[in-house]
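Engineer: Below: sequence and its predicted model.
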Amino acid sequence: MLRKLLITALVAGFAAAPAQAARTLLMPGVTYERQVQFTSQGPVAIHVLLAPKPGGLYSLKPVLSNGAIVGLERVTAMQRAVTGATTAGVNGDLFREDGLPSGVLLQSGALARSPSPDRSSIGIGADGSLQVERVKVFATWRGSGQRRALLLNLPPGPNGVSLFTSAWGPTTPAGSGATEAVLPLYPPATPNIDLTGTVGEIRQGGGTPIPPGGAVVVARGTGATRLTAEAPVGGPFVARLLLNPDWKGIVDAIGGGPALVRAGKPVFRHFEFFSTDQLARNPRTAVGQLADGRIILVVVDGRQPGYSVGMTNFDLAQALVRLGAVTASGLDGGGSSTMAFDGTLLNRPSDPAGERAVSEGLFVLYGGVYAPPPTEPVLSPNGDGVAETQTLAYELVRPARVTATLTGPDRVPRPLETADKPAGVYPLTWTGLKPDGTPEPEGTWRFSVSAIDDAAQPSLAERLFVVDRTLAALTATPALVRVGPAGERLRARFTVTRLANIRVTIETRAGAVSALVARTTLAPGTHTIEWDGRAAAGFAGAGSYVVRVAAQTEIGASSLTAPLTLRRAVARQSHR
């Protein structure tokens with residue numbers, strides 16, 4: 001009964017319909033949206049990224065900061081360093097004070113960090129499935145003697161032995177008192193098999209370079225004595241990294257926790273090892289999978305009263321179920337919670353300094369052709385100097401045969417180019433005019449780029465924009481308006497080319513509406529609309545603003561803006 005009452009109270013405290021923003025297409029098949037929930041604790045900002053099921057051109061991969069276990073790096077910097085793919089994703093596992101990931105790391109079948117048995121691990125299968133469960137490792141080594149305990153990519157204890165692979169970084173940890181066995185050639189650290197190499201050199205002290213395609217064994221105390229006796233130069237060194245469960249079919253994995261969703265139901269009691277502070281209302285990061293195999297990545301902003309107060313893990317579990325997840329796990333939260341696309345931050349991290357450096361990222365990687373949004377959502381080639389030329393572009397991460405076209409509202413394709421291209425970014429410009437200089441039709445246009453890369457993988461990227469000449473030649477005079485009882489009037493002058501529903505507003509430079517000046521229907525022609533400086537609560541305050549004229553017609557929506565500055569008018573003194 002107590003549990004039922006507690007769950008009911010939790011649900012009641014968080015039950016609120018989200019305010020959804022329109023989804024934004026980041027890259028083919030991958031969308032982003034920001035939702036806001038209003039709860040009894042305050043507003044909550046939720047960032048949601050949806051991606052196709054991993055496979056083909058899409059993959060879900062853990063990425064190390066600086067390409068190594070040691071060191072920290074921002075998620076945006078990690079994404080900019082990725083080559084051969086367009087990336088979107090979030091921060092990864094919790095990390096220790098020394099910067100090392102606290103849980104499992106498996107990359108392309110090679111184990112780089114051992115799992116934490118007290119927390120969930122997140123496995124990504126070769127079939128694109130997501131698996132969340134607790135995993136343990138039993139790691140051993142042997143030379144000419146019996147099997148002995150082994151650590152992986154972790155400094156050994158006073159009498160321990162550790163295997164360092166190239167995933168660790170360029171050299172073993174610096175320090176004195178260590179005996180190190182260099183393995184010039186060593187297989188990838190694949191779990192559940194014997195990994196055999198030959199000792200090429202025994203060295204004393206730390207900071208030994210880890211050979212590419214090899215490894216270094218670091219031992220201390222009695223571990224060092226056994227290593228030199230049982231694995232001398234020219235002798236074998238055999239390691240075994242046994243996972244339980246064996247995770248057959250899992251090719252990539254990252255640490256995290258707690259488990260949030262199982263079989264489509266939110267997890268209330270996860271029984272994982274987290275501190276009280278970690279379980280409180282905080283910024284959050286999670287990864288999950290929908291019933292159709294799509295991947296969902298979620299970041300919740302927090303610790304920012306008035307903007308977003310964050311979530312508990314159970315709040316997040318409920319949100320993920322509402323979003324359709326059938327399985328999900330948490331990742332590192334707090335100031336680490338970050339979502340970014342191709343090196344651009346999407347959320348608002350809670351640290352005062354902004355985005356935090358972290359040990360890992362979990363990224364959706366896309367290997368096909370990518371087209372960024374057009375520079376002009378509404379192209380208006382009418383001679384007023386605003387939005388006269390459209391700039392389009394596409395990016396190839398591999399060499400490919402490319403065909404780029406523009407298709408207008410008449411559904412007739414206009415070829416732009418067909419060519420074999422190396423990897424790179426290719427800009428295109430378009431004026432909205434036909435080759436003979438006459439205008440192309442107004443309406444919605446589609447920019448399409450199809451590509452077949454050097455691995456015979458086809459891909460398609462498309463972007464929409466509108467050609468609309470309805471509005472032209474907006475001017476706002478005077479540019480400095482003194483508002484008040486004895487103030488001036490703003491005159492907004494503009495031209496419309498067809499019957500249009502017009503809305504004129506005064507907005508801050510950030511886009512907040514300060515005053516609605518007019519809402520009317522206007523015939524073709526040049527019009528002037530005046531404003532006396534009054535807002536809803538009296539005269540508008542001093543500052544920098546824009547006047548926006550927005551038009552809605554059968555073509556679509558378009559707008560023009562002009563800057564202005566407001567000052568308070570000095571009251572006139574009366575003389576007797």
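Structural biologist: Alright, I've got the coordinates.
Engineer: Contacts only, for the residue minimising distance to the centre of the chain.
Structural biologist: Nearest residue to the geometric centre of the chain (Cα atoms, centre = their mean): residue 340, 2.8 Å. Contact partners of residue 340, counting by Cβ atoms under 8 Å, 6 or more residues apart in numbering, are 75-76, 79, 88-90, 346. From N, CA and C alone the C-beta is placed, and that goes for glycine too.
Engineer: Count the neighbours of residue 82 for me.
Structural biologist: 19 (other Cβ atoms under 10 Å).
Engineer: Next: residue 484.
Structural biologist: Using other Cβ under 10 Å, residue 484 has 19 neighbouring residues.
Engineer: So it sits against residue 540, correct?
Structural biologist: No: Residue 484 is beyond contact range of residue 540, at 9.8 Å (criterion: Cβ atoms under 8 Å).
Engineer: which neighbours do the two share?
Structural biologist: residue 533.
Engineer: what pairs with the closest residue to residue 553 other than its chain neighbours across the strands?
Structural biologist: Computed as Cβ to Cβ, 6 or more residues apart in numbering, the closest residue to residue 553 that is not its neighbour in sequence is residue 500, at 4.8 Å. Beta-bridge pairing of residue 500 under DSSP bridges involves residue 522.
Engineer: Does residue 500 touch residue 522 like I think?
Structural biologist: Yes: the pair residue 500 / residue 522 is scored as a contact, 5.9 Å apart, by Cβ under 8 Å.
Engineer: mind listing the helices in the stretch 101-250 of the chain by residue range?
Structural biologist: Here the stretch 101-250 of the chain has its helices, by DSSP state H, counting those that start in this stretch, at 222-230.
Engineer: Would you map the strands across it?
Structural biologist: 105-107, 110-113, 121-125, 130-133, 136-142, 148-149, 151-152, 161-165, 179-183, 194-198, 201-204, 215-219, 236-244, 250-255 (DSSP state E, counting those that start in this stretch).
Engineer: and those as JSON lines, adding mean pLDDT and mean neighbour count?
Structural biologist: Below are the strands of the stretch 101-250 of the chain laid out as JSON lines (pLDDT from 0 to 100; neighbours: other Cβ atoms under 10 Å):
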{"stretch": "strand 105-107", "mean pLDDT": "98", "mean neighbour count": "24"}
{"stretch": "strand 110-113", "mean pLDDT": "98", "mean neighbour count": "24"}
{"stretch": "strand 121-125", "mean pLDDT": "98", "mean neighbour count": "25"}
{"stretch": "strand 130-133", "mean pLDDT": "97", "mean neighbour count": "20"}
{"stretch": "strand 136-142", "mean pLDDT": "98", "mean neighbour count": "18"}
{"stretch": "strand 148-149", "mean pLDDT": "98", "mean neighbour count": "16"}
{"stretch": "strand 151-152", "mean pLDDT": "98", "mean neighbour count": "20"}
{"stretch": "strand 161-165", "mean pLDDT": "98", "mean neighbour count": "26"}
{"stretch": "strand 179-183", "mean pLDDT": "98", "mean neighbour count": "24"}
{"stretch": "strand 194-198", "mean pLDDT": "98", "mean neighbour count": "16"}
{"stretch": "strand 201-204", "mean pLDDT": "96", "mean neighbour count": "14"}
{"stretch": "strand 215-219", "mean pLDDT": "98", "mean neighbour count": "27"}
{"stretch": "strand 236-244", "mean pLDDT": "98", "mean neighbour count": "18"}
{"stretch": "strand 250-255", "mean pLDDT": "98", "mean neighbour count": "24"}
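Engineer: Of those, which is nearest residue 226?
Structural biologist: Closest to residue 226 of the strands of the stretch 101-250 of the chain is strand 148-149 (Cβ to Cβ; 6.6 Å).
Engineer: who's in contact with that closest one?
Structural biologist: In contact with strand 148-149 (Cβ under 8 Å, 6+ apart) are residues 139-142, 160-161, 223, 226.
Engineer: picking that back up, make a markdown table out of the strands of the stretch 101-250 of the chain and add distance to residue 54.
Structural biologist: Formatted as a markdown table, those follow (distance: least, Cβ to Cβ, whole Å):
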| stretch | distance to residue 54 |
| --- | --- |
| strand 105-107 | 14 |
| strand 110-113 | 18 |
| strand 121-125 | 6 |
| strand 130-133 | 9 |
| strand 136-142 | 24 |
| strand 148-149 | 35 |
| strand 151-152 | 25 |
| strand 161-165 | 24 |
| strand 179-183 | 32 |
| strand 194-198 | 27 |
| strand 201-204 | 40 |
| strand 215-219 | 29 |
| strand 236-244 | 20 |
| strand 250-255 | 9 |
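Engineer: For the stretch 1-150 of the chain, give me the ranges with low pLDDT.
Structural biologist: Judged by pLDDT under 70, the stretch 1-150 of the chain has its weakly predicted residues at 1-21.
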